[in-house]
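# Predicted coordinates and the sequence they were generated for:
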Amino acid sequence: MSKIRKIKIFLLTLISCAFLISYLIWRILFTLPLNFKWSSIVVAFMLLFAEILGIFDTFVYYYNINNFCLPVLPKINDDLFPDVDIFITVFNEPVKILQDTAMACLKLKYPGKNKVHVFICDDGDRNEIKIFAKKNQIGYFSRKDRKNAKSGNLNNALFKTKSKLVANFDVDMIPCENFLMETVPYFFIKTKDINYSNVGFVQTPQNFYEPDLFQKYLFSENFMHNEQDYFYKNIQISKNKSNSVIYGGTNAIFLRKALEEIGGFSSISITEDFATGIIIQTRGYVCYAIDKILASGIPPRNLESLCKQRRRWACGCIQTGKRLRILTRNDLTLRQKINHFSSILYWYFPIKQFLYLIVPILFSLFGVISAKCDIWQSLVFWLPMIIITSVSLRILSKNTRTFHQTRIYETTLSPVLIIPVICEFLGISNNEFVITEKKMAQDSIFYKIKFILPNLILSIFTVIGIKNCFKCIILNGDFNQFIPIFWLILNLYFLSVSMFFAFGRTEKNKRKRFSFLKDISKKVVLPLFLLITCIGLCYPTFIVFKARKRFPEMKYGINIGNALEAPKGMPWDFEIKNSYFDEVKKRGFDNVRIPVRFSDYADDEGNIETYFLEEVKNYVDYALNLGLSVTLDLHHFLEIMQNPLEYEKKFYNIWENISKSFKDYPQELVFELLNEPSVNLDYSTWNRFISNSIGKIRESNRHRIIIVGPCNFYNIDYLIFLEIPKNDPYIMVAIHYYEPYIFAFQGNKWHPGYDKLSNINWNGSKKELEYLSSRFEKVALWAREKQVKVVLNEFGVTKEAPKECRELWIKSVVKEALKNNFGYCYWELGSGFGIYDTKNNEWNETILDFLINNNSK
């Protein structure tokens, strides 16, 4: 490797590590939903753990690639070339496949043909193989018991031969004629810079002389590398420096002494190759990997063979790690332990991939939060990290692997590997050695359907999740939903590719569809996907503006309280005037909430006294004409709280008459069913009232926005009991917040018991702010689950509270409301909680600044 490339690699990995570390710090310190429900916490830690392991694996790769070491082939005299035994393992493969490999082995270039000894290791004990070997003067070993599968087959030959070097090939792996000339000299490398005695084995790449299944089934021979190229030409070579090269089971040549010292090829797991290589390294031998292709074979030719092969690899590697106790051994260096642990860790990718697929689904369908972040934080911390790591992977691997290819491989294989991997992790081992089928055979339609079924189910849930996220954007204006939308769309793409893979090219459509689909995939499918993604991201923005006609602007509001909700004939300390609406509008509020005690002015049939109804209408008309949205709130219906069933009919009748009276009003008029249901009005009864009263309203106001709230005074903790009518997109949910009550209500004559309290502080301590944040996050989580818009239509502190504490509390509540996309409506204008002095026509400018200008940072 040139010095310039080394410098480029160092700088690239350094920058990438910096972004990865900053991302990881952000994820750990700022995104964990510790105050959410247990399901969110569990999923969040599982996802974080998967990400940490992935980042660890990336760091190991970066370290290795910066120590990239390709051994130089030494020149040696012909007389130094030792005898070599070549083992060709065969079980049930056709003789034709064996013939090609055996003939190639007989023709290998080597100083002294009598030094090369070719043996067929027949684990099938077939007569036709024996005849073929005898005919071509090839050594032949067979056995009947097949104990220890491939490792037993190799050991059977190993202990019956005696050459200094031993090469082995799978039956389909045809060596190039210079295989021995390009590998044997490595055993004469002087290892003065490394404290090892001898070279144990040399591993060459596994290559295929026909496209692998991914290249073939995805019609991508010309623009996708062989799946194994990245491992053998990049990963393996980077392991040379740490002496942690992996034996790949074929295309390798060994020092017999090393094999005999460890008792032959290992049989402790179903991946005899992985275990054998590690054990040789524990004995102090140097093991090399080279990137020159010196043998080519046949890849798995159908899905079933591919899945069986990868299942064996995954389970075998995990078995090896557990049985060899790699991390606790004293005969491996730290670098070897880390590298082998990383290799084993890779095979847990089905669990990691499943998490990546399921996490956005859990969020969009069930509101399970795995990370607390907004779209801007993602753009600052996640986006640069994913871009630089993706670019790094492409550059460092010399285009043999990309993020795109990795996701395709892992999404495709994860469903068939996840259960075996979990079982192996739990100690439920699979000890069956399965031979990779070399015959050309088509998968049955049943197997293909079984193969795609998990990803098909995930795709269906993903589509539903995308719909829910778009709905949340449209209804709530929550643009942070673009984060799960991005992942859902991306996941849907990879799920679709994995399903297409299962039904890709067959022998019948091999020629007819190849060029067409190759062009389609490059020129149509990818551009179409990008177009759909862009439309998907832009369309909600357009829809939101249209949807605002459905939901009036209700961002900064104030209650005109202690006026129309006073008992009939018993006015309180605040008299409503049109000029107050002018002031509210002038100072920047966009909506008002008008609490009204309709129940005092209505008979049992719900008929409201005409003069009072006209008075209410006049105020509503005036506010609407100013451009304010108005929430008309049925307030202080105290009788229904005490005797719900007795006043149930009156409640319905009141709303039937109100809805008829205001049916022609614009959408900027909002109905609120009942303020703070409580006392004897329990949640089950209240839910029935909600359903029935909304039914009455919908008879005349089909698209009117209706606000409902939970029992026990619009208590946040009672949201879980609130039932919202399904398939009604014109429902909003209100909450009230006055916590801690002894602070918010102190000195207020309207709340008995609190009127004698004074000088109670709220200092905005870390504990107080965390509690406030957790309360609003709880609401936000519930809102996402229910896909409903939330408004904080009452919050405030009495004027009797300490001034600085009052201002700090309001400032903090506003900040949390904005963070969670809640519109808010302060309680109230000019009475005990007021911020407007009606006598002197003066505002509390500090609090007003918090409420309108959001000066709460």
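Ah, there it is. A quick note: this is a predicted structure, and the numbers were derived from the prediction, not measured.

# Which helix or which strand is home to Val791?
strand 789-795 (DSSP states H and E).

# That strand: what's the following helix or strand?
helix 803-819.

# Run the chain-centre distance for that next one.
34 Å (C-alpha atoms, centre = their mean, to the nearest Å).

# Contacts for the strand holding Val791, please.
475-477, 551, 554, 557, 559, 593, 631, 633, 672, 707, 714, 732-738, 779-780, 783, 810, 813, 817, 820-827 (C-beta atoms under 8 Å, 6 or more residues apart in numbering). The C-beta positions use only the backbone N, C-alpha and C, and glycine is treated the same way.

# just for the chain, where's the confidence low?
1, 35, 191-197, 433-441, 475-478, 505-551, 854-857 (pLDDT under 70).

# Check it for me, the residue farthest from its geometric middle.
Gly569 (60.5 Å; C-alpha atoms, centre = their mean).

# Sitting in strands, which of the contacts of strand 789-795 do you find?
557, 559, 593, 631, 633, 672, 707, 732-737, 823-826 (DSSP state E).

# I'd guess Gly200 is in a strand, am I close?
Yes: with DSSP: H, G, I helix; E, B strand; the rest coil as the criterion, Gly200 is located in a strand.

# That one contacts Thr282, correct?
No: Gly200 lies out of contact with Thr282 (C-beta atoms under 8 Å); the separation is 10.2 Å.

# which one of the two has more residues nearby?
Using other C-beta atoms under 10 Å, the more surrounded residue of Gly200 and Thr282 is Gly200, with 28 against 15.

# right, and the helix or strand after the host helix or strand of Gln319?
Gln319 is part of helix 303-324 when elements are defined by DSSP H and E. Sequence-wise, the next helix or strand downstream of helix 303-324 (DSSP H and E) is helix 334-346.

# what's that next one in contact with?
Contacts for helix 334-346 (C-beta under 8 Å, 6+ apart): 53, 56-57, 60-61, 64, 239, 242-244, 246, 274, 278, 281, 317-318, 320-321, 326-327, 329, 332.

# Dump the C-alpha coordinates for it into CSV.
Output of helix 334-346 as CSV, limited to C-alpha atoms (Å, rounded to 0.1, in the frame of the first residue of the first chain):
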residue,chain,number,x,y,z
LEU,A,334,-5.4,-9.0,23.0
ARG,A,335,-5.6,-8.1,19.3
GLN,A,336,-6.4,-11.7,18.4
LYS,A,337,-9.1,-11.9,21.0
ILE,A,338,-10.7,-8.7,19.9
ASN,A,339,-10.5,-9.7,16.2
HIS,A,340,-12.0,-13.1,16.7
PHE,A,341,-14.6,-11.7,19.0
SER,A,342,-15.5,-9.2,16.3
SER,A,343,-15.8,-12.1,13.8
ILE,A,344,-18.2,-14.0,16.1
LEU,A,345,-20.1,-10.8,16.9
TYR,A,346,-20.8,-10.3,13.2
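
# buried sites along whichever helix or strand comes after that helix?
Where DSSP H and E defines the elements, the next helix or strand beyond helix 334-346 is helix 349-366. Using 16 or more other C-beta atoms under 10 Å as the burial criterion, the residues of helix 349-366 that qualify are 349-365.

# now swap in stretch 721-729 and tell me
Leu722, Ile724.

# Could you list the domains of this structure?
3-66+348-507, 78-299, 548-853 (automatic domain parsing).

# need these in TSV with distance to Gln336, can you?
Converted to TSV, the domains of the chain look like this (distance: least, C-beta to C-beta, whole Å):
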stretch	distance to Gln336
domain 3-66+348-507	12
domain 78-299	5
domain 548-853	45
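
# Please identify the pairing partners of the strand holding Val791 and their relative orientation?
According to DSSP bridges, strand 789-795 has the following sheet partners: strand 731-737 (parallel), strand 823-826 (parallel).

# Give me whichever of those is most buried.
strand 823-826 (a mean of 26; mean count of other C-beta atoms under 10 Å).

# what's the spacing between it and its chain's center?
34 Å.

# got it, and stretch 710-717?
33 Å.

# what distance separates the start and the end of it?
8 Å (C-alpha to C-alpha, to the nearest Å).

# What are the contacting residues of that stretch?
So stretch 710-717 is contacted by 675-678, 681-683, 686, 718-719, 721-722, 733-737, 775, 778-779, 794 (C-beta under 8 Å, 6+ apart).
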